[in-house]
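Participant: Structure for the following, please:
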Amino acid sequence: MMGGQGVGKGTFSKMLCERHDFNHIEVGAILRTAPADSEIAKIISVGNLVPDELLCELMREKITPDRDIILDGYPRKLSQAKWLVENYADKFNIHVIYLNVPEEILIERINKRIRDGGGRADDADPAVIRNRLDNFRKITMPAIEWLRTAPGIKFSNVNADGAVRDNFSEIVAALRP
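Facilitator: A predicted model of the protein is given here:
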């Protein structure tokens, strides 16, 4: 499950888990549990991305062959996308769901998340939000573009700027064989 911050990756992943016994690996949530004085916490507190070597090791620990998996918020970089395909395309049927939403809607959704009391620490500072969105555009979009045509995987572009119910229906339709 890929898309910008505030697109609904966590929401839709949880909804999918209600329909199927997925191993939901929510990378951002895992990283946010790092102690406040850790290297990881310092990196994400300013909206930057955690280095590949740390994330790839985390993925090796979390990805197990016993259940279908939803990766929520991974990969974030081209190097991570290539690592994922190289290491797992022969073990799993990888299907990338890219939740495509304009940036202005992402900002509205993040602000709504804050207003509704579900905001996270990394939502509180507009400069951090801006940095995260800039990083998404500069760093994650090249990974998404590469994954569109990567060998051995399926890619679905889902327009997710509508109502949650409608967006979820589009995701379920994209996942049908």
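
Participant: Could you report the neighbour count for residue 75?
Facilitator: 25 (other Cβ atoms under 10 Å). In this view, the C-beta of every residue, glycine as well, is placed from N, C-alpha and C.

Participant: got it, and residue 167?
Facilitator: 21.

Participant: Give me the phi and psi for it.
Facilitator: Main-chain dihedrals, residue 167, degrees, to the nearest 10: phi -60, psi -40.

Participant: Spit out the contact partners of it.
Facilitator: By Cβ atoms under 8 Å, 6 or more residues apart in numbering, the contact set of residue 167 is 8, 12, 99, 158, 160, 161.

Participant: quick one, strands of this protein?
Facilitator: According to DSSP state E, the chain carries its strands in the segments 23-26, 69-72, 94-100, 153-159.

Participant: and the ones you listed, which is most packed in?
Facilitator: strand 69-72 (a mean of 21; mean count of other Cβ atoms under 10 Å).

Participant: mean confidence for it?
Facilitator: Here strand 69-72 scores 94 as its mean pLDDT.

Participant: do the same with stretch 42-57
Facilitator: The model assigns stretch 42-57 a mean pLDDT of 87.

Participant: if we can go back for a sec, take the strands of the chain and write them to a markdown table, including distance to residue 84.
Facilitator: Converted to a markdown table, those look like this (distance: least, Cβ to Cβ, whole Å):
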| stretch | distance to residue 84 |
| --- | --- |
| strand 23-26 | 12 |
| strand 69-72 | 8 |
| strand 94-100 | 7 |
| strand 153-159 | 9 |
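
Participant: between those, which one is nearest to residue 57?
Facilitator: Among those, strand 23-26 comes nearest to residue 57, with 13.4 Å by Cβ to Cβ.

Participant: and that closest one, what other elements does it pack with?
Facilitator: Applying 3 or more Cβ pairs under 8 Å, 6 or more residues apart in numbering; DSSP states H and E, one finds that strand 23-26 contacts helix 9-19, helix 52-62, strand 69-72.

Participant: Which one, of the strands of the chain, ends up nearest to residue 107?
Facilitator: Nearest to residue 107 among the strands of the chain is strand 94-100; the distance by Cβ to Cβ comes to 15.1 Å.

Participant: Give me the contact list for the closest one.
Facilitator: The set of residues external to strand 94-100 that reach it, using Cβ under 8 Å, 6+ apart, is 1-4, 7-9, 12, 84-85, 88, 144, 147, 152-161, 167, 171, 174-175.

Participant: Quick one: mean pLDDT over that strand.
Facilitator: Computed over strand 94-100, the average pLDDT equals 96.
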